[in-house]
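# what's the 3D shape of this:
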Amino acid sequence: MADVIPTNVSWPNYSAGNVAKASAKSSSLGKDDFLKLMMAQMQNQDPLSPMDNTQMVAQMAQFTSVEQLVKIYDQLSVMSQSLGNNSGLIGKEVSWTVQTKTGDYSIETGKAEVITEKASGIVDSIVVRSGVHYVKVGEKEIPIDEIVQVDNAPEVEEPIVPEEPAAPDVPSDTNGVGES
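Residues are numbered from 1 along each chain as shown. A predicted model of the protein is given here:
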């Protein structure tokens, strides 16, 4: 029998994210698809009756509109996740759900049992990592999109400290200096 020699093959552009992205099919047309369709139409038009100039201008206007809408969408996405908007959460009480697997398995559902609880705390700061915004509550970092409720922080009553009694006025002792 031949010896089995393990090979260590690595593909530099292979990753689970690249495979998922390549296999995902989108049902919506983007601006690139629109441009490809328009170019195919222009290449395959009848030379005896070419496209009218007004049709060409109308299609170019549609392409420009699609491109501008994509830019507006991108800007709105960035604005909704802006640090300025999220900084208003500092000092507020936020709530989120926490799911904990019990380790038990339900035969009826065929899934692991999960306990869902609501946790809350006061936001200390906002953290941004890889474009994702997190609120920092103590040592925990919770993604902004997992927050289910925002409230004003409960008012903390200051302890009543008794005032110290005022010191009685004591006449100054001159020790007879300056007396006549």
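# Tell me which stretches of the protein form helices.
Taking DSSP state H, the helices of the chain run over residues 16-23, 31-43, 53-80, 83-86.
# And the second one, how far out from the chain middle?
The chain centroid and the centroid of helix 31-43 are separated by 35 Å, computed with CA atoms, centre = their mean, to the nearest Å.
# on that earlier part again, and the helices of the chain as TSV, adding mean pLDDT, distance to residue 158 and mean neighbour count?
All C-beta atoms are positioned from the backbone trio N, CA, C, and that covers glycine. Shown next, in TSV, are the helices of the chain (pLDDT from 0 to 100; distance: least, CB to CB, whole Å; neighbours: other CB atoms under 10 Å):
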stretch	mean pLDDT	distance to residue 158	mean neighbour count
helix 16-23	60	52	8
helix 31-43	76	59	12
helix 53-80	78	38	11
helix 83-86	75	29	12
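# mind giving me a markdown table with those helices and columns for distance to residue 148?
Output for the helices of the chain, formatted as a markdown table (distance: least, CB to CB, whole Å):
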| stretch | distance to residue 148 |
| --- | --- |
| helix 16-23 | 28 |
| helix 31-43 | 35 |
| helix 53-80 | 17 |
| helix 83-86 | 16 |
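# can you tell which of those is closest to residue 118?
Closest to residue 118 of the helices of the chain is helix 83-86 (CB to CB; 20.9 Å).
# for the record, mean pLDDT for stretch 111-126?
Mean pLDDT, stretch 111-126: 87.
# Buried residues, it. List them.
121-123, 126 (16 or more other CB atoms under 10 Å).
# What of stretch 130-137?
Neighbour-count burial for stretch 130-137 [16+ other CB under 10 Å]: 133-135, 137.
# Listing partners with orientation, what would you give for the strand ranked longest in the chain?
For the chain, the longest strand by residue count, based on DSSP state E, is strand 93-105. Partners of strand 93-105 in the sheet, by DSSP bridges, are strand 112-122 (antiparallel), strand 147-151 (antiparallel).
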